[in-house]
Each structure stands twice: as structure tokens, then as C-alpha cells.
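1. next come a sequence and a model predicted from it.
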Amino acid sequence: MVTATTVQRGDKLPDVTLPCLRGGEISFAQLRGKQILLFFWGSW
Amino acid sequence: MSVALEHNGAERARPFVEVAGATFPTLVDEQGVTTGAFGFKAIPNGVLVDQDGIIRYARFGGFSVDRAEDVAAVERFLAGEDPGPGPDQKTPYQPGHLESELVATKLRLGRLLISLGRRDEAVAEWRAALRLDPENLVIRKQIWAALHPEKFHPTIDWAWQKEQLAREHAEEIAAGICGPDGCPIPASPGR
């Protein structure tokens, strides 16, 4: 699912499922009910 | 929660997480799924999401503990207040929907080619993607990391990145690919 414009304030968090470093997977849809700070980074 | 955008995978991300002593989960995005879904063109990014899954604040590129606006937004958010409007991140040029799909596909194709040891073909795909989306720092940095790995390991040469960006922007303006305020290539219809 690709968006043409960057997500912004007021948008729903896109639902993505990714593997976790500790093992297993997390899907963003599972995060309801909590306040989240999502931080994206890279070694570049 | 953090998302590590590492096409070399978990083992590239793990040392940073361990050094940081992070107690929160780190997810690994090898394929660039989040770049496509969120549409961001730079990192580091901070996104504040409320309990209903709605984004309350977002900064794409330059989100940092050293930026007072970002720290204040997080503090207000945790206190149950409105974090504030956040940065206006519209760029002068927005690719249309078809271009965005093509750019996301070329980003992934390039990563696949790199993993197969076909570096020059990967760089060619990324250069084509950058023509379509010249504001896209994620793609630009894939090219840099492929052609100048010594500027990224063992440490990132941030001064070099700043100079390189200025050099490339000047070339793109001189070549008529972009104007000083953004790219003149028209977007596809149906955007």
C-alpha cells in the first residue's frame, strides 16, 4: 500500500506488520489503547 | 517503539539498540514497507499516535531530542494535551500517485539488486526514482551509501552529506531537472 502524500496529523496510523528484534512480529493495528511515540531511524 | 530502516536487516540494527539500552521494542523494516505506507522522504522521524490510532504530531526528517519543539510535543502529549501542529512539511513538488508507486517499487527493486551484488543496476534504479522524486532523501541516501560506503562506516560523515546534497542540488538545477524551489516535471493526472 503506497501513499502519494506523506501521512500527517489527523490521519490514521497506517497498518503495517513488521518483525521485532526480540523475536515475533508486531502490527501497528495492535497498538490501539496506548499512546505511542514511533521513532524511525537508520544507520545512514 | 522504534522502526529501524535497515535493508541489511536486524543484525545491522541490533548494535545500536544494545548501545542505547532500549527497553521498548524495535521493529526492523528491511523492505521499506513503512516508506511506502507513510510516504516519508527522510529520517529520523517521530510520530505521536493517540489511543485511537490517530496521528497527533509528526516530523519526518530531523526529529530529535535536541529539537525543543519535538521534546515539548512529546511532553504535552504524555500530559494528555495537544502536542501542537508540528512542522508544515509540504514540499513545492509532490509526485502524483503513479510516480509514487513507481518510486516505491524502484526503491525495493534497488534493494533486491544490492542484495544480489548488482550495485550499478541498483544505483540506476534509484537514480531513476530520484528523477521522479528529487526531494526524496531516503532514495538519495541509498545511492550515497552504495557509492560511498566509507562515508557511512564506521561512522556517518554528516558534513560530507551536507556538501554532497548541495553539489547534487546545484547539478540538478543546472541540468534543468529541478528549479530552485522544486521539480518542474509535471505529475501524472489523477493525483
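-> Happy to help now that I have it. Numbers count the residues shown, from 1 in each chain, chains lettered A, B, ... in the order given.

2. tell me the contacts of the residue most central in space within chain B?
-> Residue closest to the average C-alpha location in chain B (Cα atoms, centre = their mean): residue B:42, at 2.6 Å. Neighbouring residues of residue B:42 by Cβ atoms under 8 Å, 6 or more residues apart in numbering or on different chains: B:60, B:61, B:62, B:137, B:138. (Glycine included, C-beta is placed from N, CA and C.)

3. how many other residues sit next to the last one?
-> Residue B:138 is surrounded by 23 other residues when neighbours are defined as other Cβ atoms under 10 Å in any protein chain shown.

4. give me the buried positions along stretch B:7-26.
-> The neighbour-count check on stretch B:7-26 (16 or more other Cβ atoms under 10 Å in any protein chain shown) flags B:7, B:10, B:12, B:13, B:16, B:17, B:26 as buried.

5. who's the last one bridged to?
-> Okay, so that is residue B:26. When bridges are called by DSSP bridges, residue B:26 pairs up with residue B:2.

6. surely it and residue A:20 touch.
-> Yes - between residue B:26 and residue A:20 there is a contact at 7.0 Å, judged by Cβ atoms under 8 Å.

7. the longest strand along chain A packs against which elements?
-> Longest strand in chain A by number of residues (criterion: DSSP state E): strand A:36-41. Secondary-structure packing of strand A:36-41 (3 or more Cβ pairs under 8 Å, 6 or more residues apart in numbering or on different chains; DSSP states H and E): strand B:2-5, strand B:45-49.

8. what's stretch B:118-125 in contact with?
-> With Cβ under 8 Å, 6+ apart, stretch B:118-125 has contacts from B:106, B:109, B:110, B:111, B:113, B:114, B:142, B:143, B:146, B:147.

9. chain center to the longest helix seen in chain B: distance?
-> In chain B, with assignment by DSSP state H, the single longest helix is helix B:97-115. Relative to its parent chain, helix B:97-115 has a centroid offset of 13 Å by Cα atoms, centre = their mean, to the nearest Å.

10. for the record, mean pLDDT for the longest strand of chain A?
-> The average pLDDT for strand A:36-41 rounds to 96.

11. and for stretch B:11-24?
-> 92.

12. go on, stretch B:162-170?
-> 92.

13. mind listing what's buried along it?
-> Buried residues in stretch B:162-170, counted by 16+ other Cβ under 10 Å: residue B:164.

14. before we move on, what about stretch B:64-72?
-> Neighbour-count burial for stretch B:64-72 flags residue B:70 (criterion: 16+ other Cβ under 10 Å).

15. now the terminal residues of it, how far apart.
-> Start to finish, the residues bounding stretch B:64-72 are 11 Å apart (Cα to Cα, to the nearest Å).

16. would you map the strands across the chain?
-> This is for chain A. Using DSSP E, strands in chain A cover A:17-19, A:25-27, A:36-41.

17. not what I meant, chain B
-> B:2-5, B:26-29, B:45-49, B:55-60.

18. so which of the ones you listed comes closest to residue A:39?
-> The closest of those to residue A:39 is strand B:2-5. By Cβ to Cβ, the value is 4.6 Å.

19. so what does the closest one touch, helix or strand wise?
-> strand A:36-41, helix B:10-20, strand B:26-29, helix B:33-38.

20. just to revisit the earlier point, now for the buried residues of stretch B:7-26: which two are most distant?
-> Going by Cβ to Cβ, the pair spanning those furthest: B:7 and B:17, at 16.8 Å.

21. ok, residue A:21 - contacts?
-> Taking Cβ under 8 Å, 6+ apart as the criterion, residue A:21 is in contact with B:4, B:10, B:13, B:14, B:17, B:25, B:26, B:27, B:28.

22. what distance do you get for it to residue B:18?
-> Here the criterion is Cβ to Cβ, to the nearest Å. By it, residue A:21 lies 10 Å from residue B:18.
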